[in-house]
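Peer 1: Give me a 3D structure for the following:
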Amino acid sequence: MRPMPCHPIAPCPSKEMDTGRFLLQRIHGSGTLHRRAYRYSLPLDNIPCHLNPPFTLVDISVSGTPVWQKIPCREKNMLRLQVHIPLLLTLCTDCGEHFTTASCIDEMLMIRLSCPPSETWRCQLYVCAAVRQACACTKCTACSCSPLLDVLLEGYLLSPCTMAGACPLPCPPDKPWYPTPPCGC
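Peer 2: Numbers count the residues shown, from 1 in each chain. From the prediction side, this is the model:
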């Protein structure tokens, strides 16, 4: 019986496969907006009629993909975006009943370009957002809420790019990595 090697051996690539090329994303621009403990005024939607205010904000999260719109910018090699972030809020009544409702935040994001603006037509824009409460003691009325929030908004301008890799290494011999211990018969 042959001993099992301690480390699994990767299979060797076939000679017909082209292993020297990779498809990667090249970043042509990036931007970040980070607001810490900023007070937002959030409109509340779809609060059940049988629940009476005041409410306490228990949890907040991003509920979907942010939607953005390009806005003209006078600064050179900059891209300006108006970003709409959909939110899902969990509220609690004084009686301890939890329910969820929707809201939104609008923010401005600036992306610094590393290529001329005329070359961005080949790129894809990716925007991601994260939101959390900065203070856990927020009271809400029946139609609005004004919590302190931490908001992180990031944007990237990406395009696919093929990269050449190094020459593949030869296959290692099919031997265990460590010698087998001698049998003490």
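
Peer 1: When you work out contacts or count neighbours from here on, use the C-alpha atoms and nothing else.
Peer 2: Will do.

Peer 1: Nearest the geometric middle of this protein, what residue?
Peer 2: Nearest residue to the geometric centre of the chain (C-alpha atoms, centre = their mean): residue 128, 4.7 Å.

Peer 1: Burial check on the closest residue in space to it that isn't next to it in sequence, number of neighbours?
Peer 2: Residue nearest to residue 128 in three dimensions, not counting chain neighbours: residue 154, with 5.5 Å by C-alpha to C-alpha, 6 or more residues apart in numbering. Residues lying near residue 154 (other C-alpha atoms under 10 Å) number 17.

Peer 1: which residues touch residue 154?
Peer 2: 30-33, 109, 127-129 (C-alpha atoms under 8 Å, 6 or more residues apart in numbering).

Peer 1: Among these, which one lies nearest to residue 103?
Peer 2: When these are compared for distance to residue 103 (C-alpha to C-alpha), residue 129 wins out at 14.5 Å.

Peer 1: Out of the helices and strands in this protein, which is least certain?
Peer 2: Lowest on mean pLDDT, DSSP states H and E among the helices and strands of the chain sits strand 139-140, with a mean of 83.

Peer 1: Which strands and helices lie in contact with that strand?
Peer 2: strand 55-62 (3 or more C-alpha pairs under 8 Å, 6 or more residues apart in numbering; DSSP states H and E).
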